[in-house]
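1. Pasting the sequence and the predicted coordinates here, then a few questions.
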Amino acid sequence: MKVRIASGRVTLTVDLPAHPPATVGDALRRLVESHPETRAAWSDESGRPRESLQLFVNGENVRYRGGLACPLAEGDEIYVIPLIAGG
Amino acid sequence: MANGYMGKLLNVDLTRGTFAEEALDPALGRDYIGGYGLGARLLYDRIPAGADPLGPQNILGFLTGPLTGTPAIIGSRFTVVGKSPKTAGGWGDANCGGHFGPHLKFAGFDGLLIGGISPKPVYLFVDGGRAELRDAADLWGLGVSALEDLLEERHGRGIQICSIGPAGERLALTACIMNDKERAAGRSGLGAVMGAKRLKCVVVTGKLKVPVHDEERMKELRRSYLKQATGAYEVFNRYGTAGITHDAVLSGDGPVKNWGGAGTVDFPSERARRISDDAVVGMPGYKPYGCWHCPIACGGKVTQTGGRFPLELNGGVGHKPEYETLAMFGSNLLNDDLASIVKANEICNNLGMDTISVGATVAYAIECFENGLITAAQTDGLELRWGNAEAIVRLTEKIGRRDGFGDVLADGVWAAWKRLGQIGTEFAVHIQGEEIPAHDPKFTPGLASTYWITATPGRHTQGGELVAGPGVPVPPADKYVYQGQAEGHHLLVAVVEVVNAAGLCLFGYLSYPFQAVLDQLSAATGDPWDLERVVTAGTRIYTMRHAFNLREGINPLSRNMPGRLVGDPPLTAGNVRDITVDHRTLAAEFLDRLGWDRRTTVPTPACLARLGMGFLAEDLRAAKVDPA
């Protein structure tokens, strides 16, 4: 299945297995592999998604959907906010 | 003093029209650094308890830090300090960038301490260590833009100006102090203090050099750290803070519908995009610019000469609105008309008003109107509806001029609530009179402590979890577990106290490794700075500002906490739904960590002794602070 991963106004697409359904964590790991330029900002030294990332699936914070274990479906969009800072 | 300080303060008595130079006590610089740290220490001794903030005993200070005007990244900041007329007569301060701070030092002084009340409008002119008061009869009444143009014509282009607009002259508590036409020392109502003193502006010029302990090392550090930009650099460099508007609405960090709305449920993503990132920097004539020697250059100019809201000043060129303005006049009012926000920004800058306070007060008025608590008969015919851009712009102008209904709102939310007969209490979102900046404690719970406990309530730039710079060793914690947060909160508060007091920009702190702060302070002052010293000095500054309030009988635990900020009751939709922040537990554990009493917030004698502040013990023992 295809899942979109967006941040700001940039959207990338990743292919993921649908059965069993891939998770948000799977999608981010796949993205870092296919787009290494995201690695520094989105992954820690061990390759796990940074805890500071704010993640949303179809506009809802993944905190309400099981976090990185949130299952995905065809056409879902993950939105990533790498940093929230004062301004 | 070859350690980042000019070594001199200038005392000005406006009542008598006299000046007195004063050597800066090196021990005060060492212990309280500069900015509001030094300001709080000095003004604690010089403003008597109970003084009228708008009276002659109040002192308005303009203070730099040891890194202001040096090669440090980013040494552009200064702080205005004084007793606030806004927050129940507590401590007041407002931090600002631009070019004034460095040039105050180039003019010969680390700070200006201005007391008394002038019998007539004047301005203070400081040139290379010499100061004089000049008649301002012809300047009184001018907007900030025309004022700066006129003064540049008079004194030449080498001057820097801090001024008030008509709002400050009329003692509006939403008034701020402006420099570079569009940079604001916005909070605490200090524009009204300046207006009460009949001081229209401060003009500085000079070419003195800021002496530092090791200049070569400072330059080397700058070169080295400029190559290590990280954290928030990319977004701030590309968009300024306008880059976060959409994401703040989505995440629940930003205010929607006067803090009563639920993120993109009430202000959908496509509407938020219209006042965010590419939409803002995509405006006609967009041109980024920076404060003094800033490598980030988060500021920008835009051109708006046509449409419903043409800019009327500077040939139609104005400052691009930043996040706080975009949120407070945008999502907070359900307004996605970017041009109207650019226009409201121009009005606030020119009349000298804080966009956070004015946006919040407009929101209060709109919600009262929408709920039938006020009518068009009271609002001079304005239909104060959510998203009514025309009405928002017109009301903003009226507030700045105290015109009609604008007069009711000119002193901010708390004052408006009182003047209107205490209507719409739920809609009056403020803490002890300070309107809340556009960051929601339901998204960043530690902000509840920052907003509630800090000497200047309702402020997002006073440390805590929102402003965690890269490399600050904050212990990991689930932000929604309210026990066990005090260590991290304390660290982040103390660090920001030092960054602000040093004259550094918070955006530099958020965009470069934290080690840069330590290295630059060490190279400038000649004293070794490490994290432990930062925590001690930051805690000392935090305590000093708090002591000013305690002496006034202000207990932060007795301040109101708007239910909307902490989710009491919780939202039922959006990305911060079902959350109620336990701000009392956050605060109680933080007070324990500081060594402050849990009910009165008075620091224990042991705590004061540890910080070298034993001189406060007797005053604070005698302070009439009611336990909460």
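-> Done, it's in. Numbers count the residues shown, from 1 in each chain, chains lettered A, B, ... in the order given.

2. Measure how buried the nearest residue to residue B:513 once chain neighbours are set aside is and give me the count.
-> Of all residues not flanking residue B:513 in the chain, residue B:471 sits nearest, at 4.6 Å (CB to CB, 6 or more residues apart in numbering or on different chains). Every C-beta, even on glycine, is put in place using the N, C-alpha and C of the backbone. Neighbouring residues of residue B:471 were enumerated by other CB atoms under 10 Å in any protein chain shown; the total is 17.

3. Ignoring the adjacent residues along the chain, who's closest to residue A:22?
-> With CB to CB, 6+ apart as the measure, residue A:16 is the residue that lies nearest to residue A:22, at 3.7 Å, once sequence neighbours are left out.

4. separation between the one you found and chain B?
-> 23 Å (CB to the nearest CB, to the nearest Å).

5. Would you list the phi and psi of the residue in chain B positioned nearest to chain A?
-> Closest approach between chain B and chain A, counting by CB to the nearest CB: residue B:241, at 3.1 Å. Backbone dihedrals for residue B:241, given as degrees, to the nearest 10, come out at phi -80, psi -10.

6. can I assume it is in contact with residue B:324?
-> Yes. Judged on CB atoms under 8 Å, residue B:241 makes contact with residue B:324 at a distance of 7.3 Å.

7. Ignoring the adjacent residues along the chain, who's closest to residue B:453?
-> Computed as CB to CB, 6+ apart, the closest residue to residue B:453 that is not its neighbour in sequence is residue B:556, at 4.8 Å.

8. one step back: the residue of chain B closest to chain A: what's it in contact with?
-> Listed by CB atoms under 8 Å, 6 or more residues apart in numbering or on different chains, the contact set of residue B:241 reads A:87, B:298, B:322-324.

9. Report the contact partners of residue B:228.
-> Residue B:228 is in contact with B:512-513, B:516, counting by CB under 8 Å, 6+ apart.

10. Apply 7 Å and report the result again.
-> The neighbours of residue B:228, taking CB atoms under 7 Å, 6 or more residues apart in numbering or on different chains as the test, are B:512-513.

11. How about the residues of the stretch 301-450 of chain B by chain A?
-> Taking CB under 7 Å from any CB of the partner chain as the criterion, the stretch 301-450 of chain B approaches chain A at residues B:322-324, B:439.

12. Tabulate those residues (CSV), appending secondary structure and neighbour count.
-> Rendered in CSV, the data for these read as follows (DSSP: H, G, I helix; E, B strand; the rest coil; neighbours: other CB atoms under 10 Å in any protein chain shown):
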residue, secondary structure, neighbour count
B:322, coil, 23
B:323, helix, 27
B:324, helix, 23
B:439, coil, 28
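
13. Reformat these as JSON lines; add pLDDT and distance to residue B:5.
-> What follows is these, written out as JSON lines (pLDDT from 0 to 100; distance: CB to CB, whole Å):
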{"residue": "B:322", "pLDDT": "97", "distance to residue B:5": "31"}
{"residue": "B:323", "pLDDT": "97", "distance to residue B:5": "33"}
{"residue": "B:324", "pLDDT": "97", "distance to residue B:5": "31"}
{"residue": "B:439", "pLDDT": "97", "distance to residue B:5": "33"}
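
14. which SS class is residue 45?
-> Just going to use chain A. Per DSSP: H, G, I helix; E, B strand; the rest coil, the local secondary structure of residue A:45 is coil.

15. cool, and residue B:627?
-> Secondary structure of residue B:627, per three-state DSSP, is coil.

16. ok, it to residue B:586 distance?
-> Using CB to CB, to the nearest Å, we find residue B:627 at a distance of 19 Å from residue B:586.

17. Might you report the residue contacts of the residue sitting nearest the centre point of chain A?
-> Within chain A, the residue whose C-alpha comes closest to the C-alpha centroid is residue A:28; the distance, by CA atoms, centre = their mean, is 4.2 Å. Shown here is residue A:28, whose contacts under the criterion CB under 7 Å, 6+ apart are A:42, A:49.

18. what element comes up after the lowest-mean-pLDDT helix or strand in chain A heading to the C-terminus?
-> Sorted by mean pLDDT, DSSP states H and E, the helices and strands of chain A end with helix A:39-42, the least confident at a mean of 82. Past helix A:39-42, heading to the C-terminal end, the next element that is a helix or strand (DSSP states H and E) is strand A:54-57.

19. What lies in contact with that following strand?
-> By CB under 7 Å, 6+ apart, the list of residues contacting strand A:54-57 from outside reads A:24, A:62, A:65, A:70, A:76, A:78-81, A:84, B:250-251.

20. Can you show me the CA trace of that strand as PDB?
-> This file holds the C-alpha atoms of strand A:54-57, laid out as PDB (Å, rounded to 0.1, in the frame of the first residue of the first chain):
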ATOM      1  CA  GLN A  54       5.100  15.200  16.700                       C
ATOM      2  CA  LEU A  55       3.300  12.600  14.500                       C
ATOM      3  CA  PHE A  56      -0.200  12.800  13.100                       C
ATOM      4  CA  VAL A  57      -2.200  10.300  11.100                       C
END
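
21. quick one: it to chain centroid distance?
-> In terms of CA atoms, centre = their mean, to the nearest Å, the gap separating the centre of strand A:54-57 from the centre of its chain is 7 Å.

22. What strands line up against it, and which way round?
-> When pairs are called by DSSP bridges, strand A:54-57 turns out to pair with strand A:60-61 (antiparallel), strand A:77-81 (antiparallel).

23. Does anything pack onto the longest helix along chain B? Which helices or strands?
-> Looking across chain B with DSSP state H, the single longest helix is helix B:531-551. For helix B:531-551, the elements it packs on are helix B:26-32, helix B:35-46, strand B:91-96, helix B:486-502, helix B:617-622, judged by 3 or more CB pairs under 7 Å, 6 or more residues apart in numbering or on different chains; DSSP states H and E.

24. Pull out the buried positions in the fourth one.
-> Along helix B:486-502, the positions that meet the burial threshold by neighbour count (16 or more other CB atoms under 10 Å in any protein chain shown) are B:486, B:488-502.

25. Averaged over its residues, which helix or strand of chain B has the lowest pLDDT?
-> Taking mean pLDDT, DSSP H and E as the measure, the helix or strand of chain B with the lowest value is helix B:233-239, at a mean of 93.

26. other SSEs contacting that helix?
-> Of the remaining helices and strands, those touching helix B:233-239 by 3+ CB pairs under 7 Å, 6+ apart are helix B:277-281.

27. Just the terminal-to-terminal distance for stretch B:617-628.
-> Taking CA to CA, to the nearest Å, the first and last residues of stretch B:617-628 lie 20 Å apart.

28. from what I can see the residue nearest to residue B:453 touches residue B:450, true?
-> No. In this structure residue B:556 lies outside contact range of residue B:450 using CB atoms under 7 Å: 11.0 Å.

29. and residue B:281, what does it touch?
-> For residue B:281, the residues meeting the contact criterion (CB under 7 Å, 6+ apart) are B:239, B:242, B:300.

30. Neighbour-wise, which one of the residues you listed leads?
-> Per-residue neighbour counts (other CB under 10 Å) across these peak at residue B:242, which has 28 neighbours.

31. residues contacting residue B:254?
-> Under the criterion of CB under 7 Å, 6+ apart, the contact partners of residue B:254 comprise B:245, B:248, B:327, B:331, B:438, B:440.

32. Buried by neighbour count, from the residues you listed: which ones?
-> Applying 16+ other CB under 10 Å to the contacts of residue B:254 flags B:245, B:248, B:327, B:331, B:438, B:440 as buried.

33. The nearest residue to residue A:44 once chain neighbours are set aside: how many residues sit nearby?
-> The shortest distance from residue A:44 to any residue other than its chain neighbours is 5.4 Å, reached at residue A:50 (CB to CB, 6+ apart). By the criterion of other CB under 10 Å, residue A:50 has 14 neighbours.

34. Among residue B:627 and residue B:586, which residue is more densely surrounded?
-> Between residue B:627 and residue B:586, residue B:586 has the larger neighbour count (other CB under 10 Å), namely 26 against 12.

35. Assess the claim that the more buried one and residue B:483 are in contact.
-> No. With contacts counted by CB under 7 Å, residue B:586 stays clear of residue B:483, the gap being 8.8 Å.
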